[in-house]
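**Student:** Any chance you could fold what I've pasted below:
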Amino acid sequence: MQQDIDAFLRYLVADAGLAENTVTAYRRDLRDFTNFLRGAGQDSVRTATRQQVIDYLGHLRKLGLKRGTVARKLTAIRQIYKFLLREDLTDTDPTANVDGPRLSKRLPEVLSEEQCMRLLQVPDVSTPKGLRDAAMITLLYATGLRVSELVNLDIHALNVEEQLVRVKGKGGKERLVPVAPAALELVSRYMTTARAEFDKHGNTSAIFLTRLGRPFTRAGFWKMLKQHAAAAGLPNTVSPHTLRHSFATHLLHGGADLRAIQEMLGHSSLSVTETYTHVSDLHKKQVYDESHPRA
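**Tutor:** Reported below is the predicted structural model:
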């Protein structure tokens, strides 16, 4: 059983080019599934039955897992059987015609432009730590990077003259994203006047460093952002992804082309980017309600 799982995970890395975090999530979800199968007396994923898949989903619901979590685990199971079929390691797919939980489409949380400005003004840029925090938050809002992309930026990624940042996204795909002058100015100031305060060891090329001289982790940045968001009086649900959503939505409000936004966000499919058109529609309705005499 584990041999098939390991072969599938190697495929995800070598051929599908998925990010390490995604592969780790697949490994965890498939481990839970195979543990369930062993408990049901099954010793191979190749011979699992449709009823066992259905029973597993029922087991997950009894554990009180959210619908989105159950749907994600089912996706992992579907993918390994697609792999096994493609490699001629099995001739049956027990996930065929198995219905997953119905998910309600939730629009991404977006901050208003005024809320973003309040957040950007919170860090005290007269201190090394405040300048670093302001540079990170401003760069995130100005580029729409994923938090993993932000914390993994190195000093060679930023092209100040061209006002571009080179980003390595999901699956190792690179893209160039324009950077607003205000964000560039803050990052440049941090790198020339404050970064040395954090570079304790001088052996890392990461742009943003913690007080211990280590590159930021996603969790570390999230914690820092939460503190500044609270100081700005923003909802406690604000996350790095909130700024990514806000970046895309504000561009759309300003008349940006949807495909240009897709390129900047690094979305492989335009359908993912189109989520922001629904957010923009809500904005248009709000403007209409507030301004039209017959609204």
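**Student:** Which parts of the stretch 51-200 of the chain are strands?
**Tutor:** Using DSSP state E, counting those that start in this stretch, the strands found in the stretch 51-200 of the chain span residues 158-159, 164-168, 174-178.
**Student:** Make TSV out of those strands and add mean neighbour count and mean pLDDT.
**Tutor:** C-betas here are computed from N, CA, C, even on glycine. Below are these laid out as TSV (neighbours: other Cβ atoms under 10 Å; pLDDT from 0 to 100):
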stretch	mean neighbour count	mean pLDDT
strand 158-159	16	91
strand 164-168	19	91
strand 174-178	15	90
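**Student:** Rebuild those strands as a markdown table, extending it with distance to residue 266.
**Tutor:** Shown next, in a markdown table, are these (distance: least, Cβ to Cβ, whole Å):
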| stretch | distance to residue 266 |
| --- | --- |
| strand 158-159 | 17 |
| strand 164-168 | 7 |
| strand 174-178 | 5 |
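**Student:** List the contacts of residue 80.
**Tutor:** Listed by Cβ atoms under 8 Å, 6 or more residues apart in numbering, the contact partners of residue 80 are 4, 5, 8, 30, 45.
**Student:** Which helix or strand contains the fourth one?
**Tutor:** In this structure, residue 30 is located in helix 20-39 according to DSSP states H and E.
**Student:** Could you check how far residue 101 is from residue 53?
**Tutor:** Applying Cβ to Cβ, to the nearest Å, the value for residue 101 to residue 53 is 13 Å.
**Student:** Give me the more crowded residue out of the two.
**Tutor:** residue 53 (22 against 15; other Cβ atoms under 10 Å).
**Student:** Now do the residue lying closest to the more buried one once chain neighbours are set aside: how many residues are near it, please.
**Tutor:** Distance criterion Cβ to Cβ, 6 or more residues apart in numbering; nearest residue to residue 53, sequence neighbours excluded, is residue 94 at 4.9 Å. Residues lying near residue 94 (other Cβ under 10 Å) number 21.
**Student:** And the pLDDT for residue 94?
**Tutor:** pLDDT for residue 94: 94.
**Student:** The chain should start at 49 in everything you say after this.
**Tutor:** Sounds good: first residue 49 from here, last item residue 142.
**Student:** That one is in contact with residue 97, isn't it?
**Tutor:** Yes - counting by Cβ atoms under 8 Å, residue 142 touches residue 97, with 5.5 Å between them.
**Student:** Give me the contact list for the helix holding residue 78.
**Tutor:** In contact with helix 68-87 (Cβ under 8 Å, 6+ apart) are residues 49-50, 53, 56-57, 60-61, 66, 91, 93, 96, 100, 103-104, 107, 120-121, 124-125, 127-128, 196, 218.
**Student:** That helix: which residues count as buried?
**Tutor:** Using 16 or more other Cβ atoms under 10 Å as the test for burial, helix 68-87 gives 71, 73, 74, 77, 78, 80, 81, 82, 84, 85.
**Student:** Name the residues that touch stretch 266-274?
**Tutor:** So stretch 266-274 is contacted by 181, 184-185, 195-196, 198-199, 256, 258, 284, 286-288, 291 (Cβ under 8 Å, 6+ apart).
**Student:** go with 10 Å
**Tutor:** Around stretch 266-274, the neighbours that count as contacts under Cβ atoms under 10 Å, 6 or more residues apart in numbering are 69, 167, 171, 177, 180-181, 184-185, 188, 194-196, 198-200, 256, 258, 262, 264-265, 282, 284-291.
**Student:** follow-up on the earlier one: identify the contacts common to residue 149 and residue 101.
**Tutor:** Common contact partners of residue 149 and residue 101 (Cβ under 10 Å, 6+ apart): residue 122.
**Student:** How about residue 204, nearest residue that isn't a chain neighbour?
**Tutor:** residue 253 (6.9 Å).
**Student:** where do the helices sit along the protein?
**Tutor:** Counting by DSSP state H, the chain has helices at residues 50-62, 68-87, 98-110, 115-134, 161-168, 176-191, 195-199, 229-237, 243-246, 266-279, 288-301, 306-313, 318-321, 323-339.
**Student:** What angle do helix 115-134 and the third one make with each other?
**Tutor:** Taking axes from the mean of the first three to the mean of the last three Cα atoms, to 10 degrees, one finds that helix 98-110 is oriented at 160 degrees with respect to helix 115-134.
**Student:** For helix 98-110, the averaged confidence score.
**Tutor:** Here helix 98-110 scores 94 as its mean pLDDT.
**Student:** same thing with the first one?
**Tutor:** The average pLDDT for helix 50-62 rounds to 89.
**Student:** Buried residues, that helix. List them.
**Tutor:** 52, 53, 56, 57, 59, 60.
**Student:** again, but for the third one
**Tutor:** Neighbour counts using 16+ other Cβ under 10 Å place 100, 101, 104, 105, 108 of helix 98-110 among the buried residues.
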